[in-house]
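[1] Coordinates for the following, if possible.
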Amino acid sequence: MARERRRVVVTGIGAVTPMASNVEDTWKGIVAGRSAVGPTSLFDSSAFPTTFSGEIRDESLITRFASDPELSRAGRNVRFAVVAGEQAFADAGLDKAEIDGRRFGVYLGSGEGPADCIKFANLLARSWTGSEIDTSIFIKAAAETFDNITEIYQEPNTPAGLLARKYGALGPNLTCLTACAASSQAIGEAGAIIRRGDADVMFTGGAHSMIHPFGVAGFNLLHALSERNDAPGRASRPFDKTRDGFVLSEGAAMLILEELSYALSRGAHIYGELLGYGTTGDAYRVTDMHPEGRSARSAMQMALDDAELLPRQVDYINAHGTSTDVNDRIETVAIKEVFGEYGRRVPVSSTKSSLGHLIAAAGAIEAIICLMAIRDGILPPTINYEVPDPDLDLDYVPNAARKADVRVCLSNSFGFGGQNVSIILGRYPL
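    So this is what the prediction gives:
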């Protein structure tokens, strides 16, 4: 006899974003239609085609770890992960002493840390010519500045290890490195671990920071970043005809997932339920989505099937919506294929218009935004939507938040390398 499917709910959330150092203020900024994008200050970007980003400017998030023997050597992404994790654990009302650590796991989406050696990164910045980089500078800088201990604290799996130790999570401990899809995939897989009975509680989410010369140079060489240097706050414009690339941002977002009966037994506050998860691969190109969005469609359909929902039961889609020509066009096509005629009516917005693209952390903050939309009955807007693209004809919730009865949300994350993830979150009880 088939075992009854274990249900998974969200009981705690935390976030550090370019907008604010917590969830509530981040959400308020998004609803108000503000942009968190501004000139880059972490390094001298004046010689780069793109001179702006979505930086976290609350220096207390960095300096608070100055005397910590481990975190003082860790990258920004690791520190952000710890802060967001602290927020989520406290928000869930969990007591470390009362959790069976063997039933408590961690699954995070992450990526490479900031440049391991600041001197190395600064040399790279000075070597940028706008079209090529002198690789001999890399070799010289590495020989002069490499520090193997610092390297350890930059590794992508470091946040998961530190959070596990801090909270006594002895269960599954994994890190997902699927680029822009990483933290959404981590959420889906963390939920699957609970569903199959291998854990009762999971830390999940993601953290990333690529605002350094390596990151900016790489994306500039791919012509993927917006170059709207005269108006940074208007640069991220998903689905707008004049879009010219995405805005690189940084941050962390964490969620506590629990098996439903476990959460109810301790009287936990429940933000919503993880209803569905779908993940697919494009098997196409490293940097481009399949032109017909075949696997993006499959991921959305898989999530709907997993949730046992029909397309018309989805009240809001948080799009991947990067503000690149290819992504926005193909995602629109894929949504119309999956949702049919209803696809022209279901509200679709991209909150990357406000926050920029947090890369590996993007899916996690967007999942939290979906939970806020459910809680408050508000559809977050796509800001900077000024010139409609005749080929993109969905309801993108342009420029202003909108009141709505939001019960079910679908969130898309599509990563370089062809990884596609869709998750569905719903009100509890639905």
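
[2] these two touch, right, F48 and N220?
    Yes. In this structure, F48 is within contact of N220 by CB atoms under 8 Å, at 6.0 Å. Heads up, the C-betas are built off the backbone N, CA and C, glycines and all.

[3] Please, where are all the strands along the protein?
    8-16, 38-39, 52-53, 104-109, 173-176, 201-209, 250-259, 272-281, 316-318, 348-349, 378-379, 402-403, 408-415, 419-426 (DSSP state E).

[4] distance between the last one and the chain's centre?
    The gap between the average C-alpha position of strand 419-426 and the chain average comes to 12 Å, counting by CA atoms, centre = their mean, to the nearest Å.

[5] before we move on, what about the second one?
    In terms of CA atoms, centre = their mean, the centre of strand 38-39 is set 20 Å apart from its chain centre.

[6] do the fifth one as well
    When distances are taken as CA atoms, centre = their mean, strand 173-176 is centred 15 Å away from the chain's centroid.

[7] just the third one next, same as before
    Shown here is strand 52-53, whose average C-alpha point lies 17 Å from the average C-alpha point of the whole chain (CA atoms, centre = their mean).

[8] that older thread, which of the strands of the chain is buried the deepest?
    The highest average neighbour count among the strands of the chain, using mean count of other CB atoms under 10 Å, belongs to strand 201-209 at a mean of 34.

[9] Report pLDDT for S127.
    Model confidence at S127, expressed as pLDDT, equals 56.

[10] And the one 5 residues further on, by the same measure?
    In the prediction, the pLDDT value recorded for E132 is 57.

[11] Could you do A143 as well?
    54.

[12] same question, A84
    In this model, A84 carries a pLDDT of 98.

[13] end-to-end on stretch 409-426?
    In stretch 409-426, first residue to last residue: 6 Å (CA to CA, to the nearest Å).

[14] typo on my end, stretch 376-384
    Stretch 376-384 has an end-to-end distance of 23 Å (CA to CA).

[15] Could you pull up the mean pLDDT of that stretch?
    98.

[16] Mind putting the strands of the chain into JSON lines with distance to A296?
    Conversion of these to JSON lines gives the following (distance: least, CB to CB, whole Å):
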{"stretch": "strand 8-16", "distance to A296": "24"}
{"stretch": "strand 38-39", "distance to A296": "31"}
{"stretch": "strand 52-53", "distance to A296": "26"}
{"stretch": "strand 104-109", "distance to A296": "18"}
{"stretch": "strand 173-176", "distance to A296": "18"}
{"stretch": "strand 201-209", "distance to A296": "20"}
{"stretch": "strand 250-259", "distance to A296": "22"}
{"stretch": "strand 272-281", "distance to A296": "8"}
{"stretch": "strand 316-318", "distance to A296": "12"}
{"stretch": "strand 348-349", "distance to A296": "13"}
{"stretch": "strand 378-379", "distance to A296": "22"}
{"stretch": "strand 402-403", "distance to A296": "25"}
{"stretch": "strand 408-415", "distance to A296": "6"}
{"stretch": "strand 419-426", "distance to A296": "5"}
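
[17] for those strands, which one sits closest to A362?
    strand 408-415 (6.4 Å; CB to CB).

[18] what's near enough to touch the residue positioned nearest the centre of the chain?
    Taking CA atoms, centre = their mean, the centroid of the chain lies closest to A362, which sits 1.4 Å from it. Taking CB atoms under 8 Å, 6 or more residues apart in numbering, we find A362 in contact with 180, 183-184, 206, 352, 413.

[19] got the residues you listed as a markdown table, with distance to G171 and pLDDT columns?
    As requested, the contacts of A362 are exported to a markdown table (distance: CB to CB, whole Å; pLDDT from 0 to 100):
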| residue | distance to G171 | pLDDT |
| --- | --- | --- |
| C180 | 27 | 96 |
| S183 | 19 | 98 |
| S184 | 21 | 98 |
| G206 | 19 | 98 |
| K352 | 32 | 98 |
| S413 | 24 | 98 |
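
[20] so which of those would you say is closest to Q87?
    G206 (14.2 Å).

[21] excluding its backbone neighbours, what's nearest that closest one?
    The shortest distance from G206 to any non-neighbouring residue, by CB to CB, 6 or more residues apart in numbering, is to S183 (2.7 Å).

[22] That neighbour: how many residues sit nearby?
    36 (other CB atoms under 10 Å).

[23] So it sits against A253, correct?
    Yes. Using CB under 8 Å, S183 makes contact with A253 at a distance of 6.9 Å.

[24] who touches both of these two?
    What both S183 and A253 touch, as defined by CB under 8 Å, 6+ apart, is the set 205-206, 361, 364-365, 367.

[25] ok, of these, which one's closest to V338?
    The closest of the shared contacts of S183 and A253, once distances to V338 are taken by CB to CB, is A367, at 19.1 Å.

[26] Show me how the chain divides into domains.
    8-265, 277-425 (automatic domain parsing).

[27] Bridge partners for L108, pull those for me.
    For L108, the beta-bridge partners are T175, G205 (DSSP bridges).

[28] actually S349, sorry about that
    Bridge pairing for S349 - DSSP bridges - gives N318.

[29] Okay, it and V216: tell me how far apart.
    Using CB to CB, to the nearest Å, one gets 26 Å for the distance from S349 to V216.

[30] and the spatially closest residue to T332 that is not a sequence neighbour, what pLDDT?
    Nearest in space to T332, with sequence neighbours left out and distances taken as CB to CB, 6+ apart, is L392 at 4.8 Å. Looking at L392, its pLDDT stands at 97.

[31] how close does L392 get to R294?
    L392 is 19 Å from R294, where distance means CB to CB.

[32] Equivalent analysis for M300, please.
    Counting by CB to CB, the gap from M300 to R294 is 11 Å.

[33] Between the two, tell me which one has more neighbours.
    Higher neighbour count among M300 and R294: M300, with 29 against 17, using other CB under 10 Å.

[34] hang on, that one packs against G278?
    Yes. Between M300 and G278 there is a contact under CB under 8 Å: 6.5 Å.
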